[in-house]
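>>> Build me a model:
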Amino acid sequence: MRTRKNIAMHELIGLQAEVKDSTNPNQIGLSGRIVDETYHMLVIEKNGKRKMITKKGARFGVWLTDEYVTLNGDRINYRPHERIKKLMRRRIK
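Just a heads-up that it's a prediction; the model follows:
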């Protein structure tokens, strides 16, 4: 189950998200559903339009079932499958 503590180790695709802060001021405030994730980007779709947001230097707000969580883009700046492995290793140590 996704919670505030373990959200960075879970799949982000399908979550509602909002760009809270970014090195690109034009991206601040963009919101929609995360439809894809790459090494350095999150793809957010709203009204059929997709926007690619750089993870590095950005902060994202995502809605879980019962709470709103802020993610630091620098912390999740890995490929999805690598991010899960790396964060699990850090958690075990």
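>>> Give me the residues contacting the helix or strand bottoming out on mean pLDDT in the chain.
Least confident helix or strand of the chain, by mean pLDDT, DSSP states H and E, is helix 80-92 with a mean of 75. Residues outside helix 80-92 that contact it (Cβ atoms under 8 Å, 6 or more residues apart in numbering): 8, 9, 10, 11, 12, 37, 76, 78. The way it works is simple: take the backbone N, C-alpha and C, and place the C-beta from them, glycine included.
>>> could you redo the last one with a cut-off of 10 Å?
5-6, 8-13, 36-39, 55, 75-79 (Cβ atoms under 10 Å, 6 or more residues apart in numbering).
>>> got the buried residues for that helix?
83, 87 (16 or more other Cβ atoms under 10 Å).
>>> Could you measure from the closest residue to residue 22 other than its chain neighbours over to residue 85?
Distances taken as Cβ to Cβ, 6 or more residues apart in numbering place residue 58 nearest to residue 22, at 4.3 Å, with adjacent residues excluded. Applying Cβ to Cβ, to the nearest Å, the value for residue 58 to residue 85 is 22 Å.
>>> before we move on, what about residue 34?
Residue 34 sits at a distance of 20 Å from residue 85 (criterion: Cβ to Cβ).
>>> and what of residue 75?
14 Å.
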